[in-house]
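Chemist: Following is a predicted model, sequence given first.
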Amino acid sequence: MSAGLSVKTLKTLEGNVYVRRDSDRRVTLADGEALLRRWAAVTEGAFRNAGRFVSRLPNPDEVTRRLSNRFESLGVRYAVSRLAAARFIEPYAPARVVDIYVDRDPGDLARTLGLLPVDRGESVRLVTPSDEGVFQFSGEHDTVTCVNPVQLFVDLYNGRGREPDVAERLFENRLREALVRRGER
């Protein structure tokens, strides 16, 4: 990131009162919740344009574990997201579809993994992210690499069905306290 873009970004964040400067001109978080919700609201869902595939395995949790093992053995950088990840981070609701960010072409990976392409009725969605930041701070949960809770919130926030409710529960149980503590420093 260039110095000019950094300055412009900080001015925008200060203007929107998401951050503030202390007496030593250090930047601190002023309203983490508002910043996170604004980011989620303007983010387009990455999985809307994902490769859609079907697995021969019927259980989404088993699909997630098996794909995770295969990605590891192939050296694929990946991170599970949406309801499939929420099952491992905060088990709220069952996933029908396994959504995974991958660092390779989804179609090529699907052929290697034995996944069959479909137009609808998918059980697996693979997408190469436009920003590799989705892999930052990802964590392992029960042998499955999942996106970090902030990314998970953003991915669920604009989802359909019960995903927004799961996003709110994730926020209350995992994110609110951390954002409040950061703002008080």
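Modeler: Cool, the structure landed.
Chemist: who's in contact with stretch 128-147?
Modeler: 46, 64-65, 68-69, 71, 77-81, 85, 88-89, 101-106, 148, 150-152, 155 (C-beta atoms under 8 Å, 6 or more residues apart in numbering). Glycine gets a C-beta too; all of them are placed from N, C-alpha and C.
Chemist: OK, contacts around Pro57?
Modeler: No, residue 57 isn't Pro; it's Leu. Leu57 makes contact with Val63, Arg66 under the criterion C-beta under 8 Å, 6+ apart.
Chemist: Please, which helix or strand holds Asp165?
Modeler: Using DSSP states H and E, Asp165 maps to helix 163-170.
Chemist: Val76 now?
Modeler: Secondary structure assignment for Val76, by DSSP H and E: no helix or strand.
Chemist: you'd agree it is up against Ile100?
Modeler: No - judged on C-beta atoms under 8 Å, Val76 makes no contact with Ile100 at a distance of 9.5 Å.
Chemist: How much space separates the residue of the chain most remote from its centre from Gly121?
Modeler: Centroid-distance maximum for the chain: Ser23 at 34.9 Å, with C-alpha atoms, centre = their mean. For Ser23, the distance to Gly121 (C-beta to C-beta, to the nearest Å) stands at 59 Å.
Chemist: what do you get for Leu67?
Modeler: Distance from Leu67 to Gly121, by C-beta to C-beta: 18 Å.
Chemist: quick one: which of these two has more around it?
Modeler: When neighbours are counted by other C-beta atoms under 10 Å, Leu67 and Gly121 differ, and Leu67 comes out ahead with 25 against 8.
Chemist: Would you check that Ser81 makes contact with Ile100?
Modeler: Yes - applying C-beta under 8 Å as the test, Ser81 and Ile100 come out as touching, 7.0 Å apart.
Chemist: Now do the helices in this structure.
Modeler: 3-15, 32-42, 60-74, 82-89, 106-113, 149-157, 163-170, 176-184 (DSSP state H).
Chemist: could those be laid out in TSV, adding distance to Ser130 and mean pLDDT?
Modeler: What follows is the helices of the chain, written out as TSV (distance: least, C-beta to C-beta, whole Å; pLDDT from 0 to 100):
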stretch	distance to Ser130	mean pLDDT
helix 3-15	17	79
helix 32-42	14	86
helix 60-74	20	96
helix 82-89	17	92
helix 106-113	13	96
helix 149-157	13	94
helix 163-170	20	93
helix 176-184	25	69
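Chemist: I appreciate the help and will end here.
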